[in-house]
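[1] the following block contains a protein sequence and its predicted model.
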Amino acid sequence: MLSRNIETFIGCESEYDEASIVIFGAPFDSTTSFRPGTRFASRVMRSESFGMETFSPYQDKDLTDYNIFDGGDLELAFGNSRRALDDIGDFARSVLADGKLPLMIGGEHLVTLGTVEAVFEKHPDLHIIHFDAHADLRADYLGETLSHASVIRRCNELIGDGKIYQFGIRSGDREEFNYAKEGHTTMRRFDFVGLSEVVASLKGLPVYFTIDLDVLDTSVFPGTGTQEAGGVTFNKLINAILLVSDLNIVGCDINELSPSLDQSGASTAVALKVLRELLLSLCK
């Protein structure tokens, strides 16, 4: 049995054996292609969370009414992406083996692959819902196949064509958009139009839910390594999360907050509310 982290995300003070959801940090940003700093997100979010209420007026729920365990941050090998992903996967496997839901806080988006690999072993009919500004479908980035710019391509190669649904995408090279058009993934550019139909089609199926916070507009969320103008509003993201949470979510993550890139702290505050609403939406 795991021991609770000394400093926890607010309202997540349950013991491991009581919890249905396990949150943990994956502080890794070794493949960040522009501005690094996401490795500090989970630590800063824990510390800053105590400036936020545990109660959600969006859902009329309170984090203290549910059993959520904070497993702390993993100790990951910088400079060795494969080893870091394996360590993430091993932790997620232990959580899944105990019948609990893993919720990871990145880190750069590559960390998603480690958890997806673990979840896919348990749920071979896995589907993925992906919110992001970037397609993340490159075959490689500067010759590196394990990159935050290629993470969804690696996931597609793992679980198969037609099982990944991408929303909010507004950046990528031509080959990435062509790759999606070929039927490897289902991509919705710029917004969440069509999400309700996707959710209806995935009822009863195992779903991994990954949220790259740069799906938000830069005016809402500037504290990220690769900013892309033209994103969604905070309220639209929360409504989309609530819609997706009706599915059989078997693993999830949020990633790409880089706290040092927004000295005002506003981006961290946004990320905290997204995490709170995501957690509460998964508490049934």
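    Here it is on my side, so go on.
[2] next, count neighbours for Phe9.
    Residues within reach of Phe9, counting by other C-beta atoms under 10 Å, total 26. (Glycine included, C-beta is placed from N, CA and C.)
[3] just the strands in the stretch 101-250 of the chain please.
    101-106, 127-131, 164-169, 186-189, 206-212, 248-255 (DSSP state E, counting those that start in this stretch).
[4] beyond the last one, next helix or strand please.
    Sequence-wise, the next helix or strand beyond strand 248-255 is helix 266-282, with elements assigned using DSSP states H and E.
[5] where do the helices sit along the stretch 51-200 of the chain?
    With helices called from DSSP state H, counting those that start in this stretch, the stretch 51-200 of the chain shows them at 81-97, 111-122, 151-159, 174-181, 195-201.
[6] so which of the strands of the stretch 101-250 of the chain comes closest to Phe34?
    For Phe34, the closest of the strands of the stretch 101-250 of the chain is strand 206-212, at 13.7 Å, according to C-beta to C-beta.
[7] for that closest one, the distance to its chain's centre please.
    7 Å (C-alpha atoms, centre = their mean, to the nearest Å).
[8] just the residues contacting it, thanks.
    With C-beta atoms under 8 Å, 6 or more residues apart in numbering as the test, strand 206-212 has contacts from 109, 112, 115-116, 119, 123, 125-134, 136, 237, 241, 244, 247-256, 274, 278.
[9] parallel or antiparallel, which strands does that strand pair with?
    strand 127-131 (parallel), strand 248-255 (parallel) (DSSP bridges).
[10] so how far is the first one off the chain centroid?
    Averaging C-alpha coordinates over strand 127-131 and over its chain gives two centres that are 10 Å apart (C-alpha atoms, centre = their mean).
[11] please apply the same query to stretch 265-282.
    Worked out by C-alpha atoms, centre = their mean, stretch 265-282 lies 12 Å from the chain centre.
[12] reformat the strands of the stretch 101-250 of the chain as CSV; add mean pLDDT.
    Below are the strands of the stretch 101-250 of the chain laid out as CSV (pLDDT from 0 to 100):
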stretch, mean pLDDT
strand 101-106, 97
strand 127-131, 98
strand 164-169, 98
strand 186-189, 97
strand 206-212, 98
strand 248-255, 98
